[in-house]
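J.: below are the sequence and a predicted model for it; my questions follow.
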Amino acid sequence: MTTTTWSSRRTAGSPYFSAGFWGVMVVILTTVHHAWGAYIYETPWRLDIVYVAVPVAAGFVALLVYAVRREGLRAGRWSAWIAVLLIIGFCTLAIGVYEGGYNHLLKNIVYFSAGPVSWMFPDGATGIPDDIFFELTGVAQLVVGLVAGSAAWRLARTLRS
C-alpha cells in the first residue's frame, strides 16, 4: 500500500471536505440566528441549540477527518457513513427543514398570505415576523441545510462506489 499525505489525498473540492464544510456552515448560521433571536426577543433559551449543534459539528468533523486518514479501510468507511447520517439528520432535516423550512419559510408564507400564525405555534414562542435579519437567517437555514444535505449525499454516493 502506498502511503500518501493528507493534503495529497483530499483537497477543498473533495466530497469529504464539502460535506463537512457545509455542515459546519449550517451550525454557524444557526448559532448566529439563535444568538440574535435570544438577544432581540430576550429569550436566552434560544441559545440551547448551540449547546447541541457545536458538539454535533465537532463530532462529524472528527469523523470525517478520521475517515480521510483511514480511507480504504472499513473503519474509515464506517466513520464517513456516521458523519453523513449526522449531517443529513441534524443539519439538513432538524435545522434546515424543520427550523428553516417550517419555523421560518412556512411561517412567513402563511403570515404574509393569510395572517396570524398562532395556530402553527400555540406556545407563542414563534410568532409575528418582525425582524428582517432574524427571518432571513431563519430561512437561510433551509437553503444551507439543503446544500449540506446535497454535499453529504454526494459523499454517500462516493462511499458506495
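T.: That came in fine, so what should we check first?

J.: in the biggest helix by length in the chain, what counts as buried?
T.: Once the chain is assigned using DSSP state H, the helix that runs over the most residues is helix 132-160. Under the neighbour-count criterion of 16 or more other C-beta atoms under 10 Å, helix 132-160 has 134-135, 137-142, 144-149, 151-156, 159 buried. Using the backbone N, CA and C atoms, a C-beta is placed for each residue, glycine as well.

J.: quick one, what contacts the most centrally placed residue in the chain?
T.: Closest to where the C-alpha atoms of the chain average out (C-alpha atoms, centre = their mean) is Cys91, at 2.5 Å. Contact analysis of Cys91 by C-beta atoms under 8 Å, 6 or more residues apart in numbering lists 22-23, 26-27, 145, 148-149, 152.

J.: adding distance to Arg74 and pLDDT, write those out as a markdown table.
T.: A markdown table is the format used below for the contacts of Cys91 (distance: C-beta to C-beta, whole Å; pLDDT from 0 to 100):
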| residue | distance to Arg74 | pLDDT |
| --- | --- | --- |
| Trp22 | 26 | 98 |
| Gly23 | 23 | 98 |
| Val26 | 28 | 98 |
| Val27 | 28 | 98 |
| Gly145 | 30 | 98 |
| Ala148 | 26 | 98 |
| Gly149 | 25 | 98 |
| Ala152 | 20 | 98 |
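
J.: for Glu99, which non-adjacent residue is closest in space?
T.: Nearest in space to Glu99, with sequence neighbours left out and distances taken as C-beta to C-beta, 6 or more residues apart in numbering, is Gln141 at 5.4 Å.

J.: I misspoke; the intended subject was Phe21.
T.: For Phe21, the spatially nearest residue (C-beta to C-beta, 6+ apart) is Ala151, at 7.4 Å.

J.: same deal with Leu159?
T.: The shortest distance from Leu159 to any non-neighbouring residue, by C-beta to C-beta, 6+ apart, is to Ala80 (5.5 Å).

J.: can you name the helix or strand that the one you found falls in?
T.: Assessed by DSSP states H and E, Ala80 sits inside helix 74-86.

J.: with only the CA atoms kept, save that helix in CSV.
T.: Output of helix 74-86 as CSV, limited to C-alpha atoms (Å, rounded to 0.1, in the frame of the first residue of the first chain):
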residue,chain,number,x,y,z
ARG,A,74,-13.5,-0.4,7.0
ALA,A,75,-13.1,1.9,10.0
GLY,A,76,-12.8,4.9,7.6
ARG,A,77,-15.9,4.0,5.7
TRP,A,78,-18.0,3.5,8.9
SER,A,79,-16.7,6.8,10.2
ALA,A,80,-17.7,8.6,7.0
TRP,A,81,-21.2,6.9,6.9
ILE,A,82,-21.8,8.1,10.5
ALA,A,83,-20.8,11.6,9.5
VAL,A,84,-23.1,11.5,6.5
LEU,A,85,-26.0,10.4,8.8
LEU,A,86,-25.3,13.2,11.3
